[in-house]
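[1] Turn this into a model:
(one chain, ligands or ions: 1)
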Amino acid sequence: MDFAGKTFWITGAASGMGRALSLEIADNQARLIISDRDLKGLQQTASEILAKGSSVRIEPLDMTDTSSIFETARKVIGDGETIYGLYQFAGISQRSLVAETPIENDRLIMEVNFFGVIALTKAVLPHMIQNGGGQLAATSSLVGKFGFPYRSAYSASKHAIHGFFESLLAENSKYQIKVSILIPGRVQTNISRFAIDKQGKEHGILDDGQANGITAGKAAKLIFSGLKQEKKEIWVGGNEMLMLHIRRFLPTLYYYMATRIKPM
Ligand SMILES: NC(=O)c1ccc[n+]([C@@H]2O[C@H](COP(=O)([O-])OP(=O)(O)OC[C@H]3O[C@@H](n4cnc5c(N)ncnc54)[C@H](OP(=O)(O)O)[C@@H]3O)[C@@H](O)[C@H]2O)c1
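    Numbers count the residues shown, from 1 in each chain. Next up, the predicted model:
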């Protein structure tokens, strides 16, 4: 897959991996449509994209607002944009135990990480099919493959991404729709700072996991290469990715470790 001359819509583009991938793609004379709820962050990303010689359109979006997601997609497509790739990174994490988490927090996490993602996908998919194909990328996580303490709703929202996008691929590969599910391990971003605690407040801390992870720039290079190769799953991380093999081939060891893992 060639990036040059195509249009890519990226959510979560104000920071972290969404921002870093936008800049990676901007090196390839592409057009970017960037979304996030953080307008200032989007403006910063946009100025860096322009400096790299690609063009950019800013579309602020709150992924909890379904009707504005559909309305924004109608407007973008109505303006004549031809979206080839829709790569979604917007997401929030969690730092609270099942027993102490109010159901409203679970719903909020599902709204951003799952319903928002599938709403934008549904708004863009018919347009891609009409144009002869396109590429969708949705961001899961290591904990989209197995459960993890303090991440119950987050892990569930990421598991849901797998079921939805694998089904979508099965239905739509005949229309040249490609699907990549991104599986980051630990990446140095703000995800733990903005994770919600049991009161629904920001956790506010850069956890050791993220602090010791790969940089967002390195993650973006791995993602860019995986998207170019149209990989169905793109693993993004360091040694922690070993957990995927442990969960699959040594489940007893996983269950032993999961109850003993230091959660943060
Ligand atoms: N970093 C990791 O170790 C890691 C590991 C596994 C999976 N992931 C996943 O990777 C994706 C990207 O996260 P990241 O690590 O790059 O963290 P990040 O820097 O916090 O980026 C997430 C972005 O999503 C935006 N966002 C949050 N809620 C939103 C909403 N309701 N509407 C629109 N935008 C919203 C955030 O905006 P604000 O800045 O305004 O909050 C932020 O710009 C997420 O889906 C995350 O779950 C990350």
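
[2] if I've got this straight, residue 179 is in a helix?
    No: applying DSSP: H, G, I helix; E, B strand; the rest coil, one finds residue 179 to be strand, outside a helix.

[3] Can you tell me the closest non-neighbouring residue to it?
    Leaving aside its chain neighbours, residue 179 sits nearest to residue 169 (4.1 Å; criterion: C-beta to C-beta, 6 or more residues apart in numbering). Heads up, the C-betas are built off the backbone N, CA and C, glycines and all.

[4] So the one you found, which state does it fall into?
    Classified using three-state DSSP, residue 169 is helix.

[5] now do residue 166
    Classification of residue 166 by three-state DSSP places it in helix.

[6] Could you report the distance from it to the ligand?
    Distance from residue 166 to the ligand, counting by C-beta to the nearest ligand atom, to the nearest Å: 18 Å.

[7] show me the contacts for that residue.
    179, 181 (C-beta atoms under 8 Å, 6 or more residues apart in numbering).

[8] Model confidence for it, exactly?
    Per-residue confidence for residue 166 comes out at a pLDDT of 98.

[9] which helices and strands sit right next to the least confident helix or strand in the chain by mean pLDDT?
    Lowest mean confidence among the helices and strands of the chain (mean pLDDT, DSSP states H and E): helix 208-211, at a mean of 86. Under the contact definition 3 or more C-beta pairs under 8 Å, 6 or more residues apart in numbering; DSSP states H and E, helix 208-211 sits against strand 187-188.

[10] Just confirm residue 197 contacts residue 97, I think it does.
    No: at 10.2 Å, residue 197 does not count as touching residue 97 under the criterion of C-beta atoms under 8 Å.

[11] When these two are compared, which one has more neighbours?
    residue 197 (17 against 12; other C-beta atoms under 10 Å).

[12] Can you pull the phi and psi angles for that one?
    Dihedral pair for residue 197: phi -90, psi -170, per degrees, to the nearest 10.

[13] how close does it sit to the ligand?
    Here residue 197 is placed at a distance of 15 Å from the ligand (C-beta to the nearest ligand atom).

[14] What residues does this structure have near the ligand?
    12, 14-18, 36-38, 41, 61-64, 89-93, 112, 139, 141, 184, 186-187, 189-191, 194, 210, 213 (C-beta under 6 Å from any ligand atom).

[15] which residues in the protein form helices?
    16-26, 39-51, 66-78, 103-110, 116-130, 152-172, 208-211, 216-228, 242-249, 251-258 (DSSP state H).

[16] List the buried residues of the last one.
    Read that as helix 251-258. For helix 251-258, the neighbour count (16 or more other C-beta atoms under 10 Å) marks residue 254 as buried.

[17] Touching it from outside, list them.
    Helix 251-258 is contacted from outside by 146, 147, 148, 149, 243, 246, 247, using C-beta under 8 Å, 6+ apart.

[18] count of residues packed around the fourth one?
    Residue crowding around residue 149 was assessed by other C-beta under 10 Å; the count is 17.

[19] Same question for residue 103.
    8.

[20] cool, and residue 102?
    By the measure other C-beta under 10 Å, the count of residues near residue 102 is 12.

[21] now swap in residue 250 and tell me
    The tally of other residues near residue 250 (other C-beta under 10 Å) stands at 12.

[22] shift numbering so it begins at 57
    With 57 as the first residue, the last one maps to residue 306.

[23] Give the buried residues for the least confident helix or strand of the chain.
    Buried-residue list, helix 264-267, by 16+ other C-beta under 10 Å: 265, 266.
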